[in-house]
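Engineer: Turn this into a model:
(3 chains)
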Amino acid sequence: MKPAPFDYFSPATVDEALALLDEHGGDAKPLAGGQSLIPAMNFRLARPAVLVDLNRIADLAYVRAAPGGVAIGAMTRQRAVERSDDVARAAPLLAEAMPSIAHPQIRNRGTLGGSIAHADPSAELPAVMLALDAQFRAKSATGERSIAAGEFFKGMLETALAPGELLVEIAVPRLPASSGTAFLEMARRHGDYALVGVAVVVTLDPRGRCQEAKLSLLSVGDGPVLATEAGKVLAGQSPSEELLRAAGDAAATRDVDPPSDIHASAAYRRQLVAVLTRRALARAFERAGHAHERDT
Amino acid sequence: MTLVCTVNGVRHERAVEPRLLLSDFLRHELGLTGTHVGCEHGVCGACTVLLDGEAVRSCLMFAVQAEGHELETVEGLSGGDASGDALHPLQAAFREAHGLQCGFCTPGVLMTLVPFLREHPDPDERAIREALSGNLCRCTGYQNIVAAVRLACGAAPRA
Amino acid sequence: MAPHRARSGIGERVRRNEDARLLTGRALFVDDVRLDGLLHVAFLRSQHAHARLTSVDASAARTRLGVVAVYTAADLGDYWRPGPLLVPPPPIAGLVFNPCTQVPLAKDKLRHVGEPIAMVVAESRYVAEDALDDIVVEADPLPAVVHLEAALAPGAPRVHDHLPSNLAAHAVQRKGDWARAKARAHAVIKRRFRYDRGASAAIENRAVAAQWDPRAEELTVWDTTQAPIPIRNGLAQLLGLLESQVRVIAPFVGGGFGPKIMMFYPEEVLVPWAALRLGRSVKWTEDRQENFFATTQERGQIHDAELAVTKDGKILGVKDVFLHDTGAYDPYGLTVPINSQCTLLGPYDIPSYESEFTAVFTNKTIVTPVRGAGRQHGVFVIERLLDFAARELGMDRVEIRRRNLLRRDQFPFNNEILFQDSAPLTYDSGDYEPALDEALKVIDYERFVREEQPRLKAAGRHVGIGVVCYVEGTGIGPYEGARVTVEPSGRIRLATGVGTQGQGHFTVFAQIVADVLSVDVTDVHVITGDTREFHWGTGTFASRGAVVAGSACHAAAVRVREKILELASRELKAAAADLVLNGGRVHVRGDPKGGMALGALALRANPLRGAVRPGTEPGLEATAYFGPDRGSTANGVHAMVVEVDQETAQVEIKRYVVVHDCGRVINPMIVEGQIQGGVAHGIGNAFYEQLVYDDEGQLLNASFMDYLLPTATDVPNVETTHRETPSPLNPVGAKGVGEAGAIPTGALFAQAVEDALAGSGLEICEIPLSPNRLFELIHEAR
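Structural biologist: Below you'll find the predicted structure:
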């Protein structure tokens, strides 16, 4: 399983990388951590004629805390995100999800931006970014723009990035006060792609009822799916076991139309959506409760 | 293109094709056949080596990406003694505890464990099994690998 | 004074001699072999499961830079021929058997995805793979034969055109009188069972390297084979060479588990041929994706089985009719389904038995033994039938087993039907009830079912326990050999024909010899897997290495011991009966400071001058062979406690207990390792691994991402207890253990999970399970 031949460039700056991508157009593919692209190339499922290796662009790897949240360079290694105190403080949902991504050997090379731009519907990071309302900064040879996570994931392995455009930064906003988050997934083996996963952000109002609940599901469609129906069930209500069960059922029956594959049938996926949503909400509301006590 | 990298403390300069996988470079260019290839899609972990001290799958890197970096392979663990009599404490523990059978996955397991134990010098069984979950073994059922790690921790392995 | 026991002899937990090399990365595996001017091979493989092959045009590939040669079936000329029938079936009365063996490169027809069509030889594997795209193949797809029952339906597409159907074999074995047993029965339990297995998935893929030395006129082949000697003999014949001109080396092999046996795989026959033809050294290394198609595997059987029992749960008889998927060809004969037939009888006294199977050709990879080799299927059927019978009779599942176990005084027990070694299935020795009791004690069965389970169930937790028994035929012939030599240094050289794939032969065989000669195990240097060192024997398979090769090692060591005593008696002027071997020396009893070192004695045995007595053999060396007239039977009991999350259908193993009797244990550490590895493999087959084929015969999960091997977080600690009921069939008293751990796991999972979900109406009659499948079954049961 050896890759097909390609021309290889290893630029030192973003601008150089963009110029190369512009020059080679559809023949070129950016190489980030390589943990998804290189296996595909070894299977010869991907055969880019040109690889633009981003790993020498030091400017793209950083974690910066800011009053508004945390900003992470696209080429930041997943392991660095996992170990970052800034991320743990500002985006506990992201910190919680990191250990579910494959294994440390993969996370030592894999990057935050690479996984997001790859947009595998079974990947953890797109769903987490969706739940967190992240903003993505993208750069091309002609300019720069910001894309909301909600606008970014277009379909199976498809994003809003235009040809020649690179994801350069991920900005995660700070959570509102009295918020709690939880990430839960069910995989066959530790580190596998999840059969179903859920990322949850809940915020309590001054009276301890659910002010807003943002739930995002992975491995249930062509991309991460926002469980808006489940969110509606929860909005304005006091969290209780029945409410959480109802939210789980809403997510399973109205928010998703999951695929069947060799690992899980649609029916089994729906069951997991119901169960994991309920369990994740329980955890998130518990954490929101603690935050609520702290914040009020 | 030309590649310059350091492997087990030795500097190497070679002309390589960009698509040459790091695993093939180590094994066939440098003759360091201790790193093994089991799947070439990043799942089995047999090809695990250290890149600047961190465990990575050498089948998921191109050799050219190692330019300027420091690599360590299993051959570097036992101090490069040609006779191989000097075993790293972790290797000695594996021998004591029968932590290997066919030995094919073993170098990858060892290289996964080195940075793990550096970071977690006294892990419990659950942590050890999680750390090993990215390395497939078809022979041992993992039990004696776990036993070997615990034995090594008792003996305070060299970092 | 009695002779001192050798340090680190039989029964000791000796550290392995081979570990230092393996741990430091110095051990040689086939892909590590470096040869001058080495060329690399890639195979163009069929994308179709079933098709007429109309043309193969390799002309463009031949012109690619870096390509040295491309061969198709047409290029092989007379060398092209179907492979040998490796295992002729036993002489079962009325047997129908249609041998169809694999071909080196496809001609006229493609019969499974991955079947080799062309061989590219190039400067690198990278270039060779590039050249595969240059080859133009024209093939007309045919409907694929995938499902067993459909394969036998009238009008089904035929895998082999010269045969009237897809029937590969049909065999019936009987004992007693089933019809009468059924008529007399208080209850007849009848079910359909499906048991599916998977790939051996050794972490090392296969590889073959070959080099022809035109000056010595010798061919050297490195091969990841479990059977270097048959490979050597076969290659010599195929290539028109003397056997002594061919050297096959199986160096360290990264896991065998069955499929690395002497298959005469296309690659094994073609790489040496290409090396000879090109006058260059040539190597092929299989990649993981290829392994799913190109290396044999074990797959499914469908059983319709009945168990006739009395009111008290005594078995009157069993009838089993099953279909066996043999894949596109059947070079390995009927070993797997016959193992299923025989192993079904288990440790039980089954007076009447009627077992009928039909082996079916399908458009999939060839089926040959994978760790357990069909025994799993038999165990699943009988153990499940007993569980259902127990439920129907209102009996405890342990009790029904206990009532039917063979007793100690019934050995040797003749089951009458034929085993894979063509001899009647005879259990040589065994002590089954104590093994069952031991397992129950270790897992605390009584307390669990009476106290812990009811308590946890009341708290809403679904916990269950399983207990299953099995008997495993091991240690079969034909034979193996060994040569023991005392060298002048005093170190002992032991050569034997079997190779090693992780079983610790370098240590286990050394222990046997060390025990006989009273030397340290580290002073016994073992050479295996090199036909130049030893060229009589078969290979490692069917859990026979320690038994058969080990017994040959024992016999050779005993002969050397006799020579030592004979020569020492003359040198020391003492009667042999007064001599003692201890710590590498031989001395007169009571005079440990006197005597001679074995090395010095060896020098005396090989004089450079002077006359020798007529009939003397030089040196202290002996070669011996061992061939049992039948296999020995090991047995065991596995017990497991599980917890099932009813919402997610996830299963967690809380405890796993094995009581195993493999006769005399040579190295308990190695035996435990074999059991732990076998159990892990069994867990994989029971709950994680499944080869998923679609209706076109395409394998949908040909990668480690989708074919799931259990990891360290999926396998529990196995609590193992050894029991030793020695085999009377070999001098060591050993029985095999390599496959044992993998055999009863499926039956155990089914029983334990059903127990955890008792009351749900769930019946598990299939393996593998998965959370997804369990979820479906739970819902179907409602």
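
Engineer: Report whether B:His28 is found in a helix, as I expect.
Structural biologist: Yes: read with DSSP: H, G, I helix; E, B strand; the rest coil, B:His28 is one of the residues of a helix.

Engineer: if I pick residue 207, what's in contact with it?
Structural biologist: All of this refers to chain A. Listed by Cβ atoms under 8 Å, 6 or more residues apart in numbering or on different chains, the contact set of A:Arg207 is empty. Any C-beta I mention is one placed from the backbone N, CA and C, and that applies to glycine too.

Engineer: hmm, I had chain C in mind actually
Structural biologist: By Cβ under 8 Å, 6+ apart, the neighbours of C:Ala207 are C:Phe29, C:Val30, C:Asp31, C:Trp222, C:Asp223, C:Thr224, C:Lys283, C:Trp284, C:Thr285, C:Glu286.

Engineer: mind putting the residues you listed in a markdown table, pLDDT included?
Structural biologist: Rendered in a markdown table, the data for those read as follows (pLDDT from 0 to 100):
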| residue | pLDDT |
| --- | --- |
| C:Phe29 | 98 |
| C:Val30 | 98 |
| C:Asp31 | 98 |
| C:Trp222 | 98 |
| C:Asp223 | 98 |
| C:Thr224 | 97 |
| C:Lys283 | 98 |
| C:Trp284 | 98 |
| C:Thr285 | 98 |
| C:Glu286 | 98 |
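
Engineer: between those, which has the most around it?
Structural biologist: Neighbour tally across these (other Cβ atoms under 10 Å in any protein chain shown): the maximum, 30 neighbours, falls on C:Asp223.

Engineer: Quickly note the distance from it to C:Arg532.
Structural biologist: C:Asp223 sits at a distance of 14 Å from C:Arg532 (criterion: Cβ to Cβ, to the nearest Å).

Engineer: Common neighbours of the two, please.
Structural biologist: Taking Cβ under 8 Å, 6+ apart as the contact rule, C:Asp223 and C:Arg532 both touch C:Ile249.

Engineer: related to what we said a few turns ago, in helices, which of the contacts of C:Ala207 appear?
Structural biologist: Of the contacts of C:Ala207, none are assigned to helices by DSSP state H.

Engineer: want to try CSV for those, with distance to A:Pro224 as columns?
Structural biologist: Supplementary listing: these in CSV, determined by distance: Cβ to Cβ, whole Å:
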residue, distance to A:Pro224
C:Phe29, 43
C:Val30, 45
C:Asp31, 41
C:Trp222, 49
C:Asp223, 49
C:Thr224, 44
C:Lys283, 45
C:Trp284, 43
C:Thr285, 39
C:Glu286, 38
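
Engineer: Also near chain A: which of the residues you listed, exactly?
Structural biologist: Counting by Cβ under 8 Å from any Cβ of the partner chain, the subset of these that neighbours chain A is empty.

Engineer: give the contact list for A:Pro92.
Structural biologist: Contacts of A:Pro92 were listed using Cβ under 8 Å, 6+ apart, and they are A:Leu175, A:Thr181.

Engineer: And the pLDDT for the residue in chain C that chain B sits nearest to?
Structural biologist: Of chain C, the residue with the smallest distance to chain B, taken as Cβ to the nearest Cβ, is C:Gly25 at 1.9 Å. Model confidence at C:Gly25, given as pLDDT, is 96.

Engineer: Show me the helices in the chain, by range?
Structural biologist: Going with chain A. Under the criterion DSSP H, helices of chain A are mapped to A:14-24, A:37-42, A:78-83, A:85-90, A:92-97, A:104-107, A:112-118, A:124-131, A:149-152, A:228-234, A:241-250, A:266-295.

Engineer: oops, chain B please
Structural biologist: B:22-24, B:89-96, B:106-119, B:125-132, B:143-154.

Engineer: Could you point out which of these sits nearest A:Phe183?
Structural biologist: Nearest to A:Phe183 among the helices of chain B is helix B:125-132; the distance by Cβ to Cβ comes to 16.6 Å.
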